[in-house]
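[1] Okay, structure incoming, though there's no sequence with it:
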């Protein structure tokens, strides 16, 4: 008998628009106010121009997002869809335990809580939003984003791409302000990072729990130094 393949889920217009909102810097979660230690890297002269900013952010994409946050979004998306709250809590705990600096922990909690509040104002009945709000000490950003993406009914891969695009947009904006870089240089950075994003997402989708990790020592060190940096524009 011929093999029958299941048709991949379609990205509807409504789901696409919702993903665009979630990826937008205009989403009221404050993502634009964080540099994720990039500002400290600039202060330490590790990032001083466009090429160094590209190298720093590409490393962060592949070593941090692709190995940690994107796999969490993927697994939390599935857990929210099937109503597996124990799995959601397990993933949320992992995110919070692996934030190696105080600022990184504050960021994921602040953005997660803000997104849950945004969803609370929009979703009727609130359903899983109340469960997300009840997570302690709070919903992390990847877990909250996964809930919003699952509610949009967007396919999983597209949801992860939206998460990545949102991160890229915020980090490039931070680089433009802090390095500083011109707008055209910023566009080149967007091109470079977005070109690598699909491979990072595909790798994250294949990653089992046993290989999910959060190990970026220099990022953690610079995030800690940022807490006492003399002059700064960003909250992390």
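    Arrived safely. Being a predicted model, the structure only gives us computed values, none of them experimental. Numbers count the residues shown, from 1 in each chain.
[2] Tell me who's in contact with residue 120.
    By C-beta atoms under 8 Å, 6 or more residues apart in numbering, residue 120 lies in contact with 126, 129, 133. C-beta here means a position set from N, CA and C on the backbone, and glycine is covered the same way.
[3] Those, buried ones only, as a ChimeraX selection?
    Remark: buried members of the contacts of residue 120, expressed as a ChimeraX selection using 16 or more other C-beta atoms under 10 Å:
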select :129,133
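[4] Closest one to residue 158 out of the contacts of residue 120, please.
    residue 129 (21.5 Å; C-beta to C-beta).
[5] distance of the nearest residue to residue 213 once chain neighbours are set aside from residue 187?
    Excluding the flanking residues, the one nearest residue 213 by C-beta to C-beta, 6 or more residues apart in numbering is residue 67, at 5.2 Å. According to C-beta to C-beta, to the nearest Å, residue 67 stands 27 Å off from residue 187.
[6] How about residue 31, nearest residue that isn't a chain neighbour?
    Closest to residue 31 by C-beta to C-beta, 6+ apart is residue 170, at 4.4 Å.
[7] How about residue 76?
    In space, residue 76 is closest to residue 146, 3.5 Å off (C-beta to C-beta, 6+ apart).
[8] which residues sit in contact with that neighbour?
    Taking C-beta under 8 Å, 6+ apart as the test, what residue 146 contacts is 72-77, 79-80, 159.
[9] The residues you listed: which two are farthest apart?
    79 and 159 (13.3 Å).
[10] With neighbour numbers in mind, choose between these two.
    residue 159 (27 against 22; other C-beta atoms under 10 Å).
[11] So the more buried one versus residue 78, what's the distance?
    For residue 159 relative to residue 78 (C-beta to C-beta), the value is 11 Å.
[12] cool, and residue 116?
    Separation of residue 116 from residue 78 (C-beta to C-beta): 19 Å.
[13] what about these two, which has more around it?
    residue 116 (25 against 15).
[14] Tell me the secondary structure of the more buried one, please.
    helix (DSSP: H, G, I helix; E, B strand; the rest coil).
[15] Looks like it contacts residue 141 (just checking).
    No - counting by C-beta atoms under 8 Å, residue 116 stays clear of residue 141, with 10.1 Å between them.
[16] how about low-confidence regions in the protein?
    1-8, 124-125, 236 (pLDDT under 70).
[17] Now with 90, please.
    The chain contains residues with pLDDT under 90 at 1-10, 121-127, 227-236.
[18] can you give me the strands in it?
    Applying DSSP state E to the chain gives no strands.
[19] any idea where the helices of it begin and end?
    Counting by DSSP state H, the chain has helices at residues 13-23, 38-43, 50-60, 70-82, 85-97, 102-122, 128-133, 141-152, 156-178, 183-206, 217-226.
[20] Quick one: closest of the ones you listed to residue 232.
    Of the helices of the chain, nearest to residue 232 by C-beta to C-beta is helix 38-43, at 5.6 Å.
[21] For that closest one, which helices and strands make contact with it?
    helix 50-60, helix 156-178, helix 217-226 (3 or more C-beta pairs under 8 Å, 6 or more residues apart in numbering; DSSP states H and E).
[22] Turn the ones you listed into TSV, columns for distance to residue 19.
    Output for those, formatted as TSV (distance: least, C-beta to C-beta, whole Å):
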stretch	distance to residue 19
helix 50-60	22
helix 156-178	4
helix 217-226	27
